[in-house]
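S.K.: Need a 3D model of the sequence below.
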Amino acid sequence: MATKSTPKTPHQDTALLGMKSAAAKQKEQISSTGVSVSSIMDACKAFKESGFKPKMVYRNLPPSHLYEKALRYEPGTHIVNSGALATSSGAKTGRCPRDKRVVREPSTERDIWWASTSSGSPNYEMDERSFLLNRETAVSYLNSLHHVFVFDGYANWDPEARIKVRVVTERAYHALFMHNMLIRPTGEELEEYGEPDFIIYNAGAFPANRFSNYMTSTTSVDINLKSREMVILGTQYAGEMKKGVFSVMHYLMPKRGVLSLHSGCNMGAAGDVTLFFGLSGTGKTTLSTDPRRPLIGDDEHCWGPEGVFNIEGGCYAKCIGLKASSEPEIYKAIRFGSVLENVVVNEATRAVDFVSNVITENTRASYPIDYIDNAKIPCVGPHPRNVVLLCCDAFGVLPPISKLSLEQVMYHFISGYTSKVAGTEMGVTEPEATFSACYGGAFLMWHPMKYAAMLAEKMRQHGTKGWLVNTGWTGGSYGVGSRISLKYTRAIIDAIHSGALNSAQYLEMPLFKLQVPTSCPGVPSVLLQPALQWADKDDFNNTLAQLATLFVGSFNSYLEDAALHVGADMADRILSGGPDMKQVQELCEAAAATAAAAAAAVNEQQQEKLEKAVAACSTAPAPAGADTVVVAGVGGECKACLARKASEAEGLPAVN
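M.R.: As a prediction, the model looks like this:
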């Protein structure tokens, strides 16, 4: 709120006027971003028709001003002892993927991978009218406020692919968050910013009407690709804005032949770029953050005609259990200008308890990427030399390092495998496979096979090598084997970067058909072959077949409409990169036969013991009219009882 003591009045957003003329002047720039002039005109029209008429706008305030506004208007906000701003996202401390909606309309519906009962898609549909009703709700709420915050920034570090993003929000915390996460314009760029290519209306403090069409709760996160708008209701979790922009990039960029990727990325001294893919717990952040290799980005990238570039201007790091000794780069980045989300703060000292999960396990830190000492600015690089797919295999059967064919890259990229282990989540008592398409299934717009086919083609064009790196267990499943040492995993990554694995000898692993090196500098050779680490080879083969079956079951959800999106030939080619199902079936049949034989042997042993116990007794004719044979007694005790006691003593079934 502006006061009499304020030196300057808040910025009135004059850029909200003259939408059509601004769009016309930007015709050349628009065509270079891949967004059509008509879509920009639609966006302008939608912005005006939304009725957005705020009482006061704070536009692109610097962090110091946003600190002041957050401390004044947002209870529970603190400046912590490192200088960062700690705040709360309210009841929602994570994304709500089941409440995400995408408008289904003629100009885009043929492109989208729509959710169904068996598709695994995150894109639940809504119609245009329902979107407009939610936008009306959001805009009416924002108009009712004394002031709103607007941040105008960019997505994509490549100027040829740059997208202008405008965020409208109630909270200073959200404005500071997007100031960190988007690419920040210079003063001159801001003056000439004109009309945005994408608009976010964040009215997260106001609930959606759960009785409206397509709504399942009071939370709704809605994207309209035609008008390039996003509406947020019922959640104040800032990550919804970040991933909303990412979802839109996942739609827009492939239309231009640019591949959008959920990955980390770094670059060596020789200009060799590596992309790292991996779900939580696989080591993606740890391995991509290497002091010897500048960081291009930690989460969202694109691979275009000239190379790779970061989508974002900042990082959004998990900070549960954060320590300066284990993750110094992230720890040092949490300073003035950073946002800490849902952390526990000591009221007296303002120190952050990074260990505490009282509020949530999903505590987060947002900071500009130039807060990382080793960041490469601008965040661009040449075409990647290596693609590393990371998994944490708690079944303990995948090798620490495998070389992949392009077909295997596509298959494992689509699978996006890792595993949960006991203790990580409530109810998890044994290894549990987890799959997420393209290592970020919640953000995909097109069918996963489209992204995979684009990845393989770019790798083919530029001679990029593909690798599968397991950072999980060896010598047995979780609880029996041991976690692969980070020292060995780092040695494997170093060998990938140095090219040492290019001249190695390889053996093919059964079922998955993976090419496994027989040697790797700094890694014991026996560790490279998982079967050699298991004491029970039958147990290894059975577990390997079990994991292969889980892969196949997960992948089936992508086959339903694959031919419609990439063609039957490409779908078959991708499928060929997966486990050999003939071998899987043979192993399963052999395992079943072995189990049956073992059960039969046990039953035979039990029967022999039972017969011996009964043979020790003499029998007598059954009494007249008896339904069952009664064994005569000796010394006053029934021989049947003696046999039963003998059976029970051996742990055998009782005999009647």
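
S.K.: Point out where the protein drops to low pLDDT.
M.R.: Counting by pLDDT under 70, the ranges of the chain that qualify are 1-47, 421-429, 588, 591, 595, 609-656.

S.K.: so what does the biggest helix by length in it touch, helix or strand wise?
M.R.: Determined from DSSP state H, the single longest helix within the chain is helix 581-615. Applying 3 or more C-beta pairs under 8 Å, 6 or more residues apart in numbering; DSSP states H and E, one finds that helix 581-615 makes contact with helix 537-555, helix 639-649. All C-beta spots, glycine's among them, are computed from the backbone N, C-alpha and C.

S.K.: That one to helix 537-555, inter-axis angle?
M.R.: Counting by axes from the mean of the first three to the mean of the last three C-alpha atoms, to 10 degrees, helix 581-615 lies at 130 degrees to helix 537-555.

S.K.: surely residue 430 meets residue 420?
M.R.: No: in terms of C-beta atoms under 8 Å, residue 430 does not count as a neighbour of residue 420; the distance is 9.5 Å.

S.K.: quick one: which of those two has more around it?
M.R.: Per other C-beta atoms under 10 Å, whichever of residue 430 and residue 420 has more neighbours is residue 420, with 20 against 13.

S.K.: For the more buried one, name its beta-bridge partners.
M.R.: Following DSSP bridges, residue 420 is listed with bridge partners residue 432.

S.K.: which ones are touching it?
M.R.: The contact partners of residue 420, by C-beta atoms under 8 Å, 6 or more residues apart in numbering, come to 394, 428, 431, 432, 434.

S.K.: Of those residues, which is the nearest to residue 376?
M.R.: Closest approach to residue 376 among the contacts of residue 420 (C-beta to C-beta): residue 434, at 31.2 Å.

S.K.: Could you pull up phi and psi at that closest one?
M.R.: phi -130, psi 130 (degrees, to the nearest 10).

S.K.: How about it, nearest residue that isn't a chain neighbour?
M.R.: For residue 434, ignoring the flanking residues on the chain, the nearest one in space by C-beta to C-beta, 6 or more residues apart in numbering is residue 418 at 5.4 Å.

S.K.: So the one you found: helix, strand or coil?
M.R.: strand (DSSP: H, G, I helix; E, B strand; the rest coil).

S.K.: got a list of what the most centrally placed residue in the chain touches?
M.R.: By C-alpha atoms, centre = their mean, the mean C-alpha position of the chain lies nearest to residue 440, the distance being 4.1 Å. By C-beta under 8 Å, 6+ apart, the contact set of residue 440 is 246, 262, 416.

S.K.: now residue 230
M.R.: Counted by C-beta under 8 Å, 6+ apart, residue 230 has contacts 198, 199, 200, 201, 221, 222, 223, 224, 241, 244, 248.

S.K.: chain center to stretch 131-146, what's the gap?
M.R.: Relative to its chain's centre, stretch 131-146 lies at 31 Å (C-alpha atoms, centre = their mean, to the nearest Å).

S.K.: Please point out which parts of that stretch sit buried.
M.R.: Buried residues in stretch 131-146, counted by 16 or more other C-beta atoms under 10 Å: 131, 132, 133, 134, 135, 137, 138, 139, 141, 142.

S.K.: Stretch 399-413 now?
M.R.: Buried residues in stretch 399-413, counted by 16+ other C-beta under 10 Å: 399-404, 406-413.

S.K.: Return the member of those residues nearest to residue 494.
M.R.: residue 401 (11.3 Å).

S.K.: right, and the closest one touches residue 466 too?
M.R.: No: Residue 401 is beyond contact range of residue 466, at 11.6 Å (criterion: C-beta under 8 Å).

S.K.: Regarding the closest residue in space to residue 369 that isn't next to it in sequence, what are the backbone dihedral angles?
M.R.: Spatial nearest neighbour of residue 369, chain neighbours left out: residue 375 (4.9 Å); criterion: C-beta to C-beta, 6+ apart. Main-chain torsions, residue 375, degrees, to the nearest 10: phi -70, psi 140.

S.K.: Test my guess that residue 375 contacts residue 293.
M.R.: No: between residue 375 and residue 293 there is no contact under C-beta under 8 Å: 11.2 Å.

S.K.: just to revisit the earlier point, now the buried residues of stretch 399-413 as a markdown table including secondary structure and distance to residue 216?
M.R.: As requested, the buried residues of stretch 399-413 are arranged in a markdown table below (DSSP: H, G, I helix; E, B strand; the rest coil; distance: C-beta to C-beta, whole Å):
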| residue | secondary structure | distance to residue 216 |
| --- | --- | --- |
| 399 | coil | 42 |
| 400 | coil | 42 |
| 401 | strand | 43 |
| 402 | strand | 41 |
| 403 | strand | 44 |
| 404 | strand | 39 |
| 406 | helix | 40 |
| 407 | helix | 38 |
| 408 | helix | 38 |
| 409 | helix | 36 |
| 410 | helix | 33 |
| 411 | helix | 33 |
| 412 | helix | 33 |
| 413 | helix | 31 |
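
S.K.: Which parts of the stretch 301-450 of the chain are strands?
M.R.: 307-310, 314-318, 339-341, 344-345, 352-353, 364-368, 380-381, 384-391, 401-404, 417-420, 432-435 (DSSP state E, counting those that start in this stretch).

S.K.: Switch those strands over to a markdown table; also include distance to residue 172.
M.R.: Formatted as a markdown table, the strands of the stretch 301-450 of the chain follow (distance: least, C-beta to C-beta, whole Å):
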| stretch | distance to residue 172 |
| --- | --- |
| strand 307-310 | 25 |
| strand 314-318 | 17 |
| strand 339-341 | 10 |
| strand 344-345 | 18 |
| strand 352-353 | 20 |
| strand 364-368 | 13 |
| strand 380-381 | 31 |
| strand 384-391 | 37 |
| strand 401-404 | 46 |
| strand 417-420 | 36 |
| strand 432-435 | 36 |
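
S.K.: Of all those strands, which one is nearest residue 518?
M.R.: strand 401-404 (11.1 Å).

S.K.: ok, residues contacting that closest one?
M.R.: Here strand 401-404 has contacts from 389, 412, 465-470, 492, 495-496, 501, 506, 509, 512, 514-517, 520, 523, 528, 577, using C-beta under 8 Å, 6+ apart.

S.K.: Output it as CSV, nothing but the C-alphas.
M.R.: Extracted in CSV, the C-alpha atoms of strand 401-404 (Å, rounded to 0.1, in the frame of the first residue of the first chain):
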residue,chain,number,x,y,z
ILE,A,401,26.6,-47.6,-16.2
SER,A,402,25.3,-48.7,-19.6
LYS,A,403,25.7,-47.4,-23.1
LEU,A,404,22.4,-46.9,-24.9
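
S.K.: quick revisit: just give me the closest of the buried residues of stretch 131-146 to residue 307.
M.R.: Once C-beta to C-beta is applied, the member of these that ends up nearest residue 307 is residue 131, at 36.1 Å.

S.K.: Contact partners for that closest one?
M.R.: 101, 103, 222, 224, 229, 231.

S.K.: I'd like to know how many residues surround the third one.
M.R.: For residue 222, the tally of surrounding residues (other C-beta under 10 Å) stands at 27.

S.K.: Next, the contact list for it, please.
M.R.: Residue 222 neighbours (C-beta under 8 Å, 6+ apart): 100, 101, 102, 103, 126, 131, 134, 135, 230, 231, 232.
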